[in-house]
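*Asks:* my questions are about this predicted structure, shown below with the sequence.
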Amino acid sequence: MSSSQSQSQIGNSNSSIDHSSPFFLTSSDNPSSVLVSNVFNGVGFSAWKRSITIALSAKNKLGFVDGSIDQPLSNSKTYATWYRINSMVTSWLLNSLHKNIADSVLFLPTAKEIWDELNQRYSQPNGAMFYQIQQQIYSIAQGTDDFSMYFTKLSKIWDELRIVQSIPNCICGSAASIRKFLEEQQLIQLLMGLNDSYKVTRGQILMMKPLPSISTAYSLLLQEERQREIHSSSMVNSESIDMLALTEHNNKKSLTCNHCKKTGHTKSQCYRLNRFPSNFKFTKNKKEDFKSTIHNATASSSPSLSSEQY
């Protein structure tokens, strides 16, 4: 956008500016806003740059950092409006940087100069960045992360690799084969970093012909993880029941009856005061012994006497 085009879009007040103009500010735009969730601390510049670019594009302010909006002359009547928007974008950039990095670019006059300085300082050659990303891909492992967290980390690295590779969109007949090849590579990378607890599901996926898509593999592995969580929850509940029964048993052993001086019950529950139940083993054995005595006596006595007469 030329200087004359920029000047034609801006006016003396925000109310007279078209809403589609990059010089328009909404009521939610303020200098204290932070455009990205994670400030840049010197590591992962490509991902941070991508996030800032998306945020500035959404606010229609990307032209203030990529040079597509020219700076008007200082004596121009449009300079004040440009300066106001430039200061706003500068504040957004500084808020998205770590304090040490923000202090090092604080006195650069325009948002574009800050942007150019950060790119010159932290951008890596594609070859070095490609090597670093590939190293991350083949060294990443699930470890203590759950499957969803592991997949998110790996997907982030894939996105960085996609930016570095800059594979052009192809409409020829080989486009589908190229996409299939790249997706199969990602699938193998995903399976390589899984913990050994997924080896059964991993083997099932590798035996599929043709190999499934990343989405299908993600669904299968996530289902495996959820089934394992349900099984673990059942095991915990079973252990809790066993522990409760053991606790109740120990509590009973700590009780002492004041009447019979035996453990396992109190005086109010003592059978010697409240009668033994019919199925109690002591009572049952006594009844069995009594019946056996009657039977033996009947067998050895005169046959003319019945058990009732005896």
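*Replies:* Received it, and whenever you're ready, just let me know what you need. Numbering: from 1, shown residues only.
*Asks:* could you look up the SS state of the nearest residue to residue 165 once chain neighbours are set aside?
*Replies:* Nearest non-adjacent residue to residue 165, counting by CB to CB, 6 or more residues apart in numbering: residue 130, 7.3 Å away. For every residue, glycine as well, the C-beta is placed using N, CA and C. Here residue 130 is recorded as helix under DSSP: H, G, I helix; E, B strand; the rest coil.
*Asks:* any idea how far residue 24 is from residue 49?
*Replies:* As judged by CB to CB, to the nearest Å, residue 24 and residue 49 stand 25 Å apart.
*Asks:* sorry, back to before: list the contacts for the residue nearest to residue 165?
*Replies:* With contact taken as CB atoms under 8 Å, 6 or more residues apart in numbering, residue 130 is in contact with 161, 164, 165.
*Asks:* tell me which element the first one falls in.
*Replies:* When elements are defined using DSSP states H and E, residue 161 is found to belong to helix 147-165.
*Asks:* follow the chain on from that helix and name the next helix or strand.
*Replies:* Next element after helix 147-165 (DSSP H and E): helix 175-192.
*Asks:* neighbours around residue 72, how many?
*Replies:* 19 (other CB atoms under 10 Å).
*Asks:* my bad, residue 160
*Replies:* The burial count for residue 160: 20, using other CB under 10 Å.
*Asks:* again, but for residue 211
*Replies:* Neighbour count of residue 211, defined by other CB under 10 Å: 17.
*Asks:* what of residue 203?
*Replies:* For residue 203, using other CB under 10 Å, the count is 10.
*Asks:* list the contacts of it.
*Replies:* Per CB under 8 Å, 6+ apart, neighbours of residue 203: none.
*Asks:* what do you get for residue 213?
*Replies:* 183, 187.
*Asks:* tell me the confidence at it?
*Replies:* Residue 213 is assigned a pLDDT of 91 by the prediction.
*Asks:* how much space separates it from residue 90?
*Replies:* 44 Å.
*Asks:* could you export the contacts of residue 130 as JSON lines, including distance to residue 103?
*Replies:* Formatted as JSON lines, those follow (distance: CB to CB, whole Å):
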{"residue": "161", "distance to residue 103": "32"}
{"residue": "164", "distance to residue 103": "30"}
{"residue": "165", "distance to residue 103": "35"}
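*Asks:* export these as a markdown table, with columns for distance to residue 197 and neighbour count.
*Replies:* Shown next, in a markdown table, are these (distance: CB to CB, whole Å; neighbours: other CB atoms under 10 Å):
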| residue | distance to residue 197 | neighbour count |
| --- | --- | --- |
| 161 | 27 | 19 |
| 164 | 33 | 18 |
| 165 | 33 | 12 |
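*Asks:* and which of the residues you listed is nearest residue 57?
*Replies:* Comparing the contacts of residue 130 against residue 57 with CB to CB places residue 164 closest, at 20.2 Å.
*Asks:* so what's that closest one up against?
*Replies:* 46, 126, 129, 130, 133.
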